[in-house]
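1. structure, please.
(chains A and B)
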Amino acid sequence: MKLSQYYIPTLKEAPKDADIISAKLMFRAGLIRKTASGVYEWLPLGLRVIKKIENIIREELDKAGCCEVWLPVVQPQELWEESGRWAQYGKELLRFKDRKDSGFCLAPTAEEVITKMVAKDVSSHKQLPLCFYQFGTKFRDEIRPRFGVMRAREFYMKDAYSFAADEQSANEWYQKVYDAYVKIFERFGFKFKAVEADTGSIGGNFSHEFMVLAQTGENEISVCPQCGYSANTEKTEIQPPAAPAAAETLLEPREVSTPDKRTIAELVDFLKQPPEKFIKMLIYNADGNPVAVLLRGEDELNEIKLRKYLGANEAAKAGADTYTDITRSAPGFAGPLGFKQKAPAVKLLADNYVKTIVNGVAGANNTDTHVLNVNPGRDFEPDAYADLKLASAGDGCPRCGAKFDFTRGIEVGHTFKLGTKYSAAMNAVFLDETQQSKPMIMGCYGIGVTRVLAAAIEQSHDDNGIIWPTALAPFDICLIALDKEGEVKQKADEIYTRLTALGYGVLYDDRDERPGVKFKDADLIGIPHRLVIGRKLLPEGKLEYKARVAPKADFWTFDELEEKLNKVINISNAR
RNA sequence: CGGGGAGUGGCUUAGUGGUAUAGCGCUCGCUUGGGGUGCGAGAGGUCCCGAGUUCGAUUCUCGGCUCCCCGACCA
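-> Numbers count the residues shown, from 1 in each chain, chains lettered A, B, ... in the order given. Reported below is the predicted structural model:
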């Protein structure tokens, strides 16, 4: 591709609303422009990378035996009512009406459509298992789009859906896609990790997230250094802590005045007690019912765990009025002592760690007062102990007990084992060998294509710009002619024709620009290999080669060009 | 959805109760030619929209829209 005929509008400065490095570089390198909040235009260079990503995913899924389809972005309301998600899905689902006043939505995902499609044509166990995938635009009306295309409202993704006749076959498909994902992310050149994850609004039994490891990642990941268990921290289970080592004598409870000391930090300072001695009480509203949760002072509640434990759809911090209503004291002074008497109807839960507290400190349910020497078991008994805290340093792996390491990641893929949630609702059934009608067992699998692109940049860049992993680079070689005419230009033209004929993806910078401009642009757009033809070396029959990542250039003769290139570029990867 | 901030040529911005600054980018000429060359000449703006205050508003006030940040939310 000749740059003089191509469109790569690079910028010296990133627009001020680009908030992370990948977004800045994507604007600067001329990959994207913004149309509206969370909605982007993809320019030629960006689209080229998308196509690279798409091709790799397609190859691996085809190999795994999936069939590509193309599903609608505009989907009818009835379909979503059938699955129950029209009511369940919040404002993220963009809804609208057509001229006949029929309801539609823009696809945030395609379970409904695909399940219906399969239900219509598949009726026998002999036709199963099946797995379909598609690439398509998705729209989710995110509350707060940010991080460039990483959290956009409109984005491009690959979604796949498997249908099986029994558990075993369903699990086999899950594994097959999982394995394909591993291959795909390896081919992308990612440092990544597949972690256990929450199933969220998609529902289903279990799921894995594929995380690209990057400090800027939105998700925290807990990794067990010993057994390899890893999970999104928001889902990480924790081994119940060991009981305290007896020794300490239980002291008698004693009220102390703690005027205006509400937060744990203030209390730690005021009472000279370490945070792990505190028993804090939070009051939550779970599907309309108040629930009290006890945690150690230093710990944070994991709302997902709470929701799961209660089987609730929603769980949010209760307002101050609910607080005072229940405890008859200002927020900040709630505690378990006498709680049952004050609010017998309110469920009292405690995190496992609370059980280990000896002679702790708790709110007295009396404004400006706390109680010292509170001991669970003796002074109060919660309705239940459970694993409710957010995993943090010092917590043990649920499998082997080793202490977790923490790292951050960008979610680029997600696999779900769905079970029969959609097939049952939408009547995707088949007859088995014994003439019994059964719902198909489904799985669904996504890869955020546009997010993969951003993650690649987030993981691989330097001060000068993007450094594309080989497999995702929009071009293999950037060929720079330092003169706009004469011998240098002629030679460069010739090399361009030759390399293109050999199958390399060559971006040929034949513009009438200063060398500095060309070098800066080449670095910014991050093409892995660079060839430069100039007056200095041409008389010696040489050109310059430099890898994007290399600190220094090499000098090759024109005769050895092909042979040397062959060593640095795997031609099967080139287009 | 709560809290905060911002909208000034394509991009980044200065500034002001009397219609506007600079850099980059763009056009033209010369210059330069291995890391965003230098000089000169230009083009380009309803200062987000609407209302109000005022002799006069881009500037002050109110409302709206859009964008950004923090939180909550989220395959």
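2. quick one: contacts for the nearest residue to residue A:499 once chain neighbours are set aside?
-> Nearest residue to residue A:499, sequence neighbours excluded (CB to CB, 6 or more residues apart in numbering): residue A:506, at 5.0 Å. In short, each C-beta sits where N, CA and C put it, glycine included. When contacts are counted by CB atoms under 8 Å, 6 or more residues apart in numbering, residue A:506 touches A:1, A:475, A:476, A:477, A:478, A:479, A:496, A:499, A:500.
3. filter these to the buried ones?
-> Neighbour-count burial (16 or more other CB atoms under 10 Å) applied to the contacts of residue A:506 gives A:1, A:475, A:476, A:477, A:478, A:479, A:496, A:499.
4. filter those residues down to the ones in helices?
-> A:496, A:499 (DSSP state H).
5. the buried ones among the contacts of residue A:506 in strands, which ones?
-> Of the buried ones among the contacts of residue A:506, the ones assigned to strands by DSSP state E are A:477, A:478, A:479.
6. correct me, but the last one touches residue A:493?
-> The reference is to residue A:479. No. Counting by CB atoms under 8 Å, residue A:479 sits too far from residue A:493 to count as a contact (9.7 Å).
7. which stretches of chain A have low pLDDT?
-> Chain A contains residues with pLDDT under 70 at A:198-205, A:245-247, A:319-320, A:571-575.
8. so how far is residue A:14 from the residue positioned nearest the centre of it?
-> With distances taken as CA atoms, centre = their mean, the residue of chain A nearest its centroid is residue A:411 (2.0 Å). From residue A:411 across to residue A:14, the span is 24 Å (CB to CB, to the nearest Å).
9. what ranges does the stretch 351-500 of chain A have for its helices?
-> In the stretch 351-500 of chain A, the helices defined using DSSP state H, counting those that start in this stretch lie at A:421-425, A:449-459, A:486-502.
10. how far off centre is the second one?
-> The chain centre lies 11 Å from the centre of helix A:449-459; the measure is CA atoms, centre = their mean, to the nearest Å.
11. show me which strand runs longest in chain A.
-> Chain A, longest strand under DSSP E: strand A:405-419.
12. just how off-centre is that one within its chain?
-> Per CA atoms, centre = their mean, the centroid offset for strand A:405-419 relative to its chain is 6 Å.
13. cool, stretch A:10-21 as well?
-> On CA atoms, centre = their mean, the centre of stretch A:10-21 falls 23 Å from that of its chain.
14. ok, now stretch A:30-47?
-> 21 Å.
15. also stretch A:208-224?
-> Using CA atoms, centre = their mean, the offset of stretch A:208-224 from its chain centre is 8 Å.
16. show me what counts as buried in it.
-> For stretch A:208-224, by 16+ other CB under 10 Å, it's A:208-214, A:217, A:219-224.
17. stretch A:62-76 too?
-> A:64, A:66, A:69, A:71, A:73, A:75, A:76.
18. quick check: closest non-adjacent residue to residue A:317.
-> Nearest non-adjacent residue to residue A:317 (CB to CB, 6+ apart): residue A:284, at 6.1 Å.
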